[in-house]
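A.B. asks: sequence first, predicted model second:
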Amino acid sequence: MSLFLAVMGPGIITAVVDDDATGVAGYSLAGAKLGYELIWALVLSTVALMVVQEMGARMGAITGKGLADLIRERFGVRLTLFAMVTLLIANATTTVAEFAGVAGASEIFGISRFITVPLAAVAVFAVVGFGSYRKVELVLLSFSLVFVSYIITAFVAQPDWAAVGRGAVVPAFHFNLTYITILIGLVGTTITPWMQFYLQSSVVDKGIGEREYRWERWDVWIGSILQSVIALSILVTTAATLYTDHAPADTVPQVAEALRPLAGDFAAELFAIGLLNASLMAMAVLPLGTAYAICEAFGWERSVNRGPREAPVFFGLFAGILALGAVAVLVPGVPLLVLLFLPNVVGGILLPVILVLMLLLVNDRRLMGRWVNSRKQNAVAWATAWALIALTAVYVVVALLQLFGVIEA
């Protein structure tokens, strides 16, 4: 147990941070617009998350290298550049969304985003820029405890638990753009491109090797289950409060405000606190994961244990992405819910690129030896990649059919 506690961190932090502002938006929209219909997709996504995250942790522990490092060594500079551009697009849009989450949460409490967004950016950079990996990890693990607020809120909202059970075991599918967009977004916020890079890099940065791997595997699995419980809590809360009134949320504060008449001020404030906490955690992890990956890919110094002077490119990237996110959200009239949900769709569309590269690496016996994937692991991971590719193709077809009036929106 003491060894597990020493190893614990990368898996739980990566998975729980995935319930970030974009996660709140994605699961809230799924519940608000479709009720309990997509719980089955969340269940399948959780299984896929456990398999994919374990792959990344295993590669980090066995090779001692981050994912970007391995991509460059195996596939060369051109493909590495393509993977980094893919990651940068997904992470930049998601970082903007995290600042949108801070803005939305602060507006629920009546505080202007022009105060909270700059303060959040400065505070996050200070914690990461002037701390060690262990200190940053302890801060993030402490923040993870706040996610219990979503679980409490789900019970306070009094959902129809029989309908929750049916939604978990009875798949539903509708051939329309709204449903497919939300479905891609739900998968895209449960398993994201940034998670794969951040988890593997943090395993390496923490010094976890083959001897500690079996404990790190439990860290990953526990984190994935916690992520799923929190995601389910958000989905059933909004399904119980918004879908029953047929009033899907159009703004971030509306999700919390809908809780007030049904579950009281306490539930609304818990939801807002959870959103703020999720945004702050991801605001640290996402730019950090991007900086890790890009610096790994091109051989620059990278580590939270280094200072800004020792790793200027690493911390420069971190600060630049934070600044971009803050400025984008402060543009007058910017729609917060669009900023929050768009990265989920982008991530869902781009994720297969990263998954395919991971699968090629983890099944390379010259690299992994006896630690290559089992048949079951390959089946789940490849099925996830192909399902997202198929959903993206259907998404494009349905969008074109609606554009030309062949089917109704």
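C.D. replies: Perfect, thanks for sending it.

A.B. asks: all contacts plus neighbour counts: C-alpha atoms, from now on.
C.D. replies: Will do.

A.B. asks: so after the helix-or-strand element of the chain with minimal mean pLDDT, what's the next helix or strand?
C.D. replies: Ranked by mean pLDDT, DSSP states H and E, the helix or strand of the chain with the weakest confidence is helix 259-263, at a mean of 52. Sequence order places helix 265-298 as the next helix or strand after helix 259-263, per DSSP states H and E.

A.B. asks: now that following helix: buried residues?
C.D. replies: 267-297 (16 or more other C-alpha atoms under 10 Å).

A.B. asks: go on, stretch 170-177?
C.D. replies: 176-177.

A.B. asks: ends of that stretch, how far apart?
C.D. replies: This stretch, stretch 170-177, spans 21 Å end to end (C-alpha to C-alpha, to the nearest Å).

A.B. asks: try stretch 201-214
C.D. replies: Its start and end residues considered, stretch 201-214 measures 17 Å (C-alpha to C-alpha).

A.B. asks: where in the stretch 251-400 of the chain is pLDDT low?
C.D. replies: The stretch 251-400 of the chain contains residues with pLDDT under 70 at 251-271, 274, 303-307, 333-348, 396, 399-400.

A.B. asks: okay, helices next: where are they in it?
C.D. replies: All helices of the stretch 251-400 of the chain, identified by DSSP state H, counting those that start in this stretch, fall at 252-257, 259-263, 265-298, 312-329, 336-362, 365-368, 375-403.

A.B. asks: swap in the stretch 101-250 of the chain?
C.D. replies: 113-129, 133-144, 148-156, 161-169, 177-190, 193-205, 213-241.

A.B. asks: which of those has the lowest mean pLDDT?
C.D. replies: Ranked by mean pLDDT, the helices of the stretch 101-250 of the chain end with helix 133-144 at the bottom, a mean of 60.

A.B. asks: so which bits of stretch 39-55 are buried?
C.D. replies: 39-43, 45-55.

A.B. asks: cool, and stretch 60-71?
C.D. replies: Result for stretch 60-71 [16+ other C-alpha under 10 Å]: buried residues 60-62, 64-71.

A.B. asks: wait, what's in contact with A168?
C.D. replies: 37-41, 43 (C-alpha atoms under 8 Å, 6 or more residues apart in numbering).

A.B. asks: out of these, which sit inside helices?
C.D. replies: Among the contacts of A168, DSSP state H puts 39-41, 43 in helices.

A.B. asks: wait, A323 touches L119, no?
C.D. replies: No - when contacts are counted by C-alpha atoms under 8 Å, A323 is not listed as touching L119 (11.6 Å).

A.B. asks: these two - which one has more neighbours?
C.D. replies: Per other C-alpha atoms under 10 Å, whichever of A323 and L119 has more neighbours is A323, with 16 against 12.

A.B. asks: give the contact list for the more buried one.
C.D. replies: Counted by C-alpha under 8 Å, 6+ apart, A323 has contacts A121.

A.B. asks: and with 10 Å instead?
C.D. replies: Residues in contact with A323 (C-alpha atoms under 10 Å, 6 or more residues apart in numbering) are 95-96, 118, 121-122, 317.

A.B. asks: same deal with V117?
C.D. replies: Shown in contact with V117 (C-alpha under 10 Å, 6+ apart): 98-103, 106, 123, 325-327, 329-330.

A.B. asks: same thing but 7 Å
C.D. replies: By C-alpha atoms under 7 Å, 6 or more residues apart in numbering, the residues touching V117 are 99, 102-103, 326.

A.B. asks: go on, F197?
C.D. replies: Per C-alpha under 7 Å, 6+ apart, neighbours of F197: 66-67, 289, 293.

A.B. asks: let's see 6 Å
C.D. replies: Applying C-alpha atoms under 6 Å, 6 or more residues apart in numbering, we find F197 in contact with L67.

A.B. asks: how close does it sit to W386?
C.D. replies: Look at F197 and W386: by C-alpha to C-alpha, they are 20 Å apart.

A.B. asks: which among the contacts of V117 gets closest to S201?
C.D. replies: When these are ranked by distance to S201 (C-alpha to C-alpha), F99 comes first, at 23.8 Å.

A.B. asks: just the pLDDT at that closest one, thanks.
C.D. replies: Looking at F99, its pLDDT is 83.

A.B. asks: three-state assignment of it?
C.D. replies: Following DSSP: H, G, I helix; E, B strand; the rest coil, F99 is assigned to helix.

A.B. asks: begin at 34 from now on, thanks
C.D. replies: Will do, 34 is the new start, and the previous item becomes F132.

A.B. asks: turn the contacts of A201 into TSV, columns for pLDDT.
C.D. replies: Formatted as TSV, those follow (pLDDT from 0 to 100):
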residue	pLDDT
E70	91
L71	91
I72	93
W73	93
A74	90
V76	90
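
A.B. asks: possible to save these as a markdown table with distance to W415?
C.D. replies: Listed next are the contacts of A201 as a markdown table, based on distance: C-alpha to C-alpha, whole Å:
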| residue | distance to W415 |
| --- | --- |
| E70 | 25 |
| L71 | 21 |
| I72 | 21 |
| W73 | 19 |
| A74 | 16 |
| V76 | 17 |
